[in-house]
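Peer 1: Provided below for reference: sequence and predicted model.
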Amino acid sequence: MRYSDLKIFHKILLLVMIGVSFLAIMGIVGYDATNQLAKSNSELYNQRILPMEKLTRSVLVSKYIKEKNLDIVSGSLSSRDKADDEKMINKAWDEIGGLLASFRESNTDESLETWSNELLSHIMMSEENKKIVRDLANKGEAEKAKNYYAIYVKPHEDEADKLLVQMIDRSQLLADKQIRADQERVRKVMWMILVITAGFCFVSIWGGRRIANKITKPINDIVKQVEQVSAGDLNGLSGYQAIATKNEIGRLSMGFFQMSQTLQNYLQALTEKNAEICKMANLDALTGLPNRRYFMDRMKNILQECGEERVALMFIDMDRFKEINDTRGHNIGDQILEAVAKRMISLLPTIDSVNRLGGDEFTIIYRGFNDVDQVTTVAEQVMCLFQEPFVFNRQIFHLSCSIGISIYPLHGQTVVSLLQAADTAMYTAKLQKRNSFHYYSDDMRQKILQKVKMEETLHFALEKHLFHVYYQPRVLCDSGQIVGVEALLRLQQDGKFISPAEFIPVAEETGLILQLGEWVLYQACRQNKEWQQAGYPPVRISVNVSPIQFNHSGFLGQVIDVLEKTGLDPEWLELEITESSLMDKVDAAKETLMVLKRMGIKVAMDDFGTGYSSLAYLKQFKIDYLKVDKTFIDEISQKSKQLKIVQAIIGLGKSLNMKIVAEGVEGQEQLKFLQLHNCDEIQGFLFSKAIPANDFELLLKAGGYIVRAETSV
């Protein structure tokens, strides 16, 4: 078995055993050194320190003996004191003898042995002579005793003192020598420990690094690969090689290798799938043209790299394409869109790209032109693509388009600004003349700014409650009796009224019309209920309903809620619906009208005659009132040929059991004409303009008549 095949546990165990061995050796060496030092310290104490103390004690006792001998020799002591001193001296000599005997037993030095013998000899001689000195002193021969002491005793005592000092010095020297030897022994042991430690450290580091490398290096390689993959860098997986060992690391490496192979296969499949998804994400599923996402990215890149080069953006919208979807079905509409896309592709490579933003909206990016006339030529080519009819299922469709054009950097420097400018120009083309193209201009921008300002005004007016409801009476054509009233929204700012023609379209475009419509409906119903509670003859109140409001999912619930809150009976509410409200969603409109009729609410078609499909759809809806638009009433006073249109509208309404209401009646001639042709109700300045609720209440108080019977024909 190879070393690399050892299991990780065994490798770690080997490192632990090395450490344990080191600690064991260090313990043995330390234990032996401690024993030797303890033995040496014991010898030092017993052979050096203790004998030295005994010698020192001997010196002190010898000095004491000298002093007592001098007292005896001097003859100044009494007999009793002499006797006591002699006893003390004898006792001291016994102590010295014991100390020297003990010293000789523990001593091992030859010099000290020799000096010890000499010391005992001098002590013995001194003691023998001291006896003679004491005898002379006892006989009263003090002078002789002193002389004899000075000649035969003192020299031996002095020599003994010298020998004691020499022996003390010798013992101190031997003790110092032994201490130095012990220090040297300790130093050697420390060096030995240091060498052993260094050796074990080297072995541990070397072995540890080898074992750690065997353990950590492959793990680090795997960790590095995992970190690479987690960071999104998958290139390193292809170069990874598994470790061919049987231990845990080898199994881990092999597992990671197999996982990396599986992941690579998965990534390859995922890459192919992502490429397909990316292609699908950037292409329109129906036409195969680049979609809005691709267009935005492409346009952004072009603007970043074009520098001073001019770039034209064309916004193309098909005219009345919604009619085809509504009348012929979305299947035909999709086929037409596919055909339009194929025709537009034929413009490539003259242009940069053709894109479908959604619905019937397309864009063309055109760059590399030298003159605006070249852009105009491309726009004309696009319009020519629609001149040839589209044929599907033996049906022929004649289509046209409206084109708005913006140019970088003249009309904007960002994708959003250029697209907004082109869109604005396209809507201008639709409003002014379909089947045409328009370049963006500052006038269009000014209109947009005005629209933005108007939107801000509407939000401010809602917040500050600046809206008001005015009321215009509707009277019977033959008698002038007030039978109804139309609630009209008014906005006053800085003391001036803003025309509804200015703020209603903005409210519809921004969605504020939903909030405004609900508020007007509530105010009108509440006011009509108050008039009824005041005892005035009941009149039907008419409220205009925006197409957005009518087609909103919560419209019916809103009407029911307002009637419940105000307590107004539904028969005294009339809702005015425009043709476009009914045309957007025919089936849903029918259902909504049926519900309103079952509730007892009256329905009027407002601005009749201004649309293009009224006659085709009018018979499908149960309408109570048909309101003739003011534009036709104006023709009466001019004696225009369109008078027959007014007669036809009145006749059509009567044939469908509808009541006819004429709007905008301002002169007696118009009134007489309408009376002559059996118009039911009249509304206009001839009777009253829209007035506040208090003023209308005055009309009700006056009896509810404005035009007297004598004015009728």
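Peer 2: On my side now, so go ahead.

Peer 1: wait, isn't residue 697 in contact with residue 528?
Peer 2: No. Taking Cβ atoms under 8 Å as the definition, residue 697 is not a contact partner of residue 528, at 11.2 Å. (Glycine included, C-beta is placed from N, CA and C.)

Peer 1: Of the two, which one has the most company?
Peer 2: Ranked by neighbour count (other Cβ atoms under 10 Å), residue 697 and residue 528 place residue 528 first, with 25 against 17.

Peer 1: check contacts around that one.
Peer 2: Residue 528 sits next to 485, 538-539, 541, 568, 572-573 when contact means Cβ atoms under 8 Å, 6 or more residues apart in numbering.

Peer 1: What helix or strand is it located in?
Peer 2: With elements taken from DSSP states H and E, the one containing residue 528 is helix 512-533.

Peer 1: For that helix, buried residues please.
Peer 2: Using 16 or more other Cβ atoms under 10 Å as the test for burial, helix 512-533 gives 512-514, 516-525, 527-529, 531-532.

Peer 1: Tell me which helix or strand comes right after that helix.
Peer 2: Counting by DSSP H and E, what follows helix 512-533 is strand 540-545.

Peer 1: what are the ranges of the helices in the stretch 151-300 of the chain?
Peer 2: Using DSSP state H, counting those that start in this stretch, the helices of the stretch 151-300 of the chain run over 154-230, 248-282, 292-305.

Peer 1: Let me have these in JSON lines, extended by distance to residue 693, mean pLDDT and mean neighbour count.
Peer 2: Converted to JSON lines, these look like this (distance: least, Cβ to Cβ, whole Å; pLDDT from 0 to 100; neighbours: other Cβ atoms under 10 Å):
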{"stretch": "helix 154-230", "distance to residue 693": "72", "mean pLDDT": "74", "mean neighbour count": "15"}
{"stretch": "helix 248-282", "distance to residue 693": "57", "mean pLDDT": "73", "mean neighbour count": "13"}
{"stretch": "helix 292-305", "distance to residue 693": "49", "mean pLDDT": "92", "mean neighbour count": "16"}
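
Peer 1: Of all those helices, which one comes closest to residue 683?
Peer 2: helix 292-305 (46.8 Å; Cβ to Cβ).

Peer 1: doesn't residue 504 make contact with residue 498?
Peer 2: No. Counting by Cβ under 8 Å, residue 498 sits too far from residue 504 to count as a contact (10.1 Å).

Peer 1: Quick check: the gap between residue 700 and residue 531.
Peer 2: The spacing between residue 700 and residue 531, counted by Cβ to Cβ, to the nearest Å, is 6 Å.

Peer 1: How about residue 440?
Peer 2: Taken as Cβ to Cβ, the span from residue 440 to residue 531 is 51 Å.

Peer 1: same question, residue 463
Peer 2: Remark: distance between residue 463 and residue 531 (Cβ to Cβ) = 29 Å.

Peer 1: With residue 478 instead?
Peer 2: Shown here: residue 478 relative to residue 531, a distance of 24 Å by Cβ to Cβ.

Peer 1: again, but for residue 669
Peer 2: Going from residue 669 to residue 531 by Cβ to Cβ gives 33 Å.

Peer 1: ditto for residue 286
Peer 2: In terms of Cβ to Cβ, residue 286 sits 56 Å off from residue 531.

Peer 1: mind listing what residue 361 touches?
Peer 2: Applying Cβ under 8 Å, 6+ apart to residue 361 gives the contacts 315-317.

Peer 1: Please disregard the earlier target; I meant residue 18.
Peer 2: 200, 203-204, 207.

Peer 1: what's the answer for residue 689, then?
Peer 2: By Cβ under 8 Å, 6+ apart, the neighbours of residue 689 are residue 472.

Peer 1: and if we set it to 10 Å?
Peer 2: Applying Cβ atoms under 10 Å, 6 or more residues apart in numbering to residue 689 gives the contacts 470, 472-473, 488, 695.

Peer 1: And the residues you listed, which is closest to residue 379?
Peer 2: For the contacts of residue 689, the residue nearest residue 379 by Cβ to Cβ is residue 488; the value is 42.6 Å.
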